[in-house]
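Q: what follows is a protein structure lacking sequence information:
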C-alpha cells in the first residue's frame, strides 16, 4: 500500500522536469484601465451668521465684530480616515458645548428676568413704605399744629 510505503520511508524518485516555456507575449491581454476623473468638490456654503448683538446689548456685554472666513480649495484635499474621525469627534464636542452654552444663556436670561421682577417688587414696596411714612408724618405734623 502506498500509505505504508510513505510511512516506512520508501519514496518514489522525483523526476526533474524542465520548467514550461513562458507564454508568448502577443497572446497576453490586459484589461483596459479606466481614465481617472478629478473628484468634484462642491462650492463651500457660507456659514450661517447669528446676530446676538441685541441680546449682548441687553446684558451689557460688548461683542467684537465678526470676521468673515473665506476658504476656497484650489485642489482636492485628501484626509486620512483617522484624522477625519478625530475632526468629526471634535465637531461633535464643539456642537455639544455650543448647546450647553445656549442652555446656560437661557437659564441666565431666566434668572435675569426673575431678578428684574424681584427688584421691581422691592422698588414698589419701598415706594409704598415711603408713602405711608409721609402720610404718617403729615398726620403727626397736622396734629401738632392743631394742638
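A: Ah, there it is. Every value quoted in this text rests on a predicted model; they were computed, and no experiment measured them.
Q: show me which helix runs longest in this structure.
A: In the chain, with assignment by DSSP state H, the single longest helix is helix 81-146.
Q: so which elements touch that one?
A: Other helices and strands packing on helix 81-146, by 3 or more C-beta pairs under 8 Å, 6 or more residues apart in numbering; DSSP states H and E, are helix 53-59. C-beta coordinates here come from the backbone N, C-alpha and C atoms, glycine included.
Q: what residues does the helix it packs on touch?
A: Applying C-beta atoms under 8 Å, 6 or more residues apart in numbering, the contact partners of helix 53-59 are 62, 63, 105, 109, 112.
Q: again, but for stretch 108-116
A: With C-beta under 8 Å, 6+ apart, stretch 108-116 has contacts from 55, 59.
Q: chain center to it, what's the gap?
A: Centroid separation for stretch 108-116 versus its chain: 28 Å, with C-alpha atoms, centre = their mean, to the nearest Å.
Q: report the rounded mean pLDDT for it.
A: Stretch 108-116 shows a mean pLDDT of 90.
Q: which parts of it are buried?
A: Within stretch 108-116, no residue counts as buried by 16 or more other C-beta atoms under 10 Å.
Q: any idea how far residue 146 is from residue 95?
A: Per C-beta to C-beta, to the nearest Å, residue 95 is found 76 Å from residue 146.
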